[in-house]
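Q: Give me the fold of what follows.
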Amino acid sequence: MTAIEIGGGLAQLDAAIEALPNSPAVFLLWPKEGAPYLSRTNLLRRRLLRLLKERERPSRLLNLRHTACRIEFELTGSAFESAVMLYQQAAAISPTRTSTSSSCACRRTSRSCSPTGSRAATSPLT
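A: Okay, here's the model as predicted:
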């Protein structure tokens, strides 16, 4: 993935975003602390401007301008490629959330689970 370090110069951030292509991409916005924001878009420049531009007045739209410290992106060529790339990046960031194996034993057997994750008692039909 291509990375853009934000640093302290927000004017440099605006110039870097303006230089990006308006193409389909998968991107990560890394905050100073906490989990990254992972998403895909059909228009990279427009989406990053929406998330990172300076607002003239208060808005309810998500604004990560003063939160993000690095942007990583990968241009994609199709919706399928974007979906695969998004899944791969999600798995790399948080492997436990995208794991295909189940921690619940009942999914590997025919028994059902209770909402707490423990096996429900099954009674034979009489």
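Q: Need the pLDDT of residue 105.
A: At residue 105 the predicted local confidence, pLDDT, stands at 43.
Q: whoops, residue 117 was the one
A: The model's pLDDT for residue 117 equals 46.
Q: can you pull the contacts of residue 62?
A: For residue 62, the contact set (Cβ atoms under 8 Å, 6 or more residues apart in numbering) comprises residue 51. From N, CA and C alone the C-beta is placed, and that goes for glycine too.
Q: Next: residue 1.
A: So residue 1 contacts 28, 72-74, 89 (Cβ under 8 Å, 6+ apart).
Q: Can you classify the residue most central in space within the chain by secondary structure?
A: Compute the mean C-alpha point of the chain, and by Cα atoms, centre = their mean the closest residue is residue 38, 1.9 Å away. Recorded secondary structure, residue 38: strand (DSSP: H, G, I helix; E, B strand; the rest coil).
Q: quick one, what contacts it?
A: With contact taken as Cβ under 8 Å, 6+ apart, residue 38 is in contact with 26-28, 86, 89-90, 93.
Q: list the buried ones in the longest helix anywhere in the chain?
A: As assigned by DSSP state H, the longest helix anywhere in the chain is helix 79-93. By 16 or more other Cβ atoms under 10 Å, the buried positions in helix 79-93 come out as 82, 85-86, 89.
Q: contact partners of it?
A: Contacts for helix 79-93 (Cβ under 8 Å, 6+ apart): 1, 24-26, 28, 35-36, 38-40, 74, 76, 97-98.
Q: Can you say which of these are buried?
A: Buried among the contacts of helix 79-93 (16+ other Cβ under 10 Å): 24-26, 28, 36, 38, 40, 74, 76.
Q: between those, which is nearest residue 52?
A: residue 28 (13.0 Å; Cβ to Cβ).
Q: for the residue lying closest to that closest one once chain neighbours are set aside, helix, strand, or coil?
A: What sits nearest to residue 28 in space, not counting adjacent residues and going by Cβ to Cβ, 6 or more residues apart in numbering, is residue 72, at 4.4 Å. Per three-state DSSP, the secondary structure class of residue 72 is strand.
Q: partner residues bridging residue 72?
A: Residue 72 has these beta-bridge partners by DSSP bridges: residue 3, residue 28.
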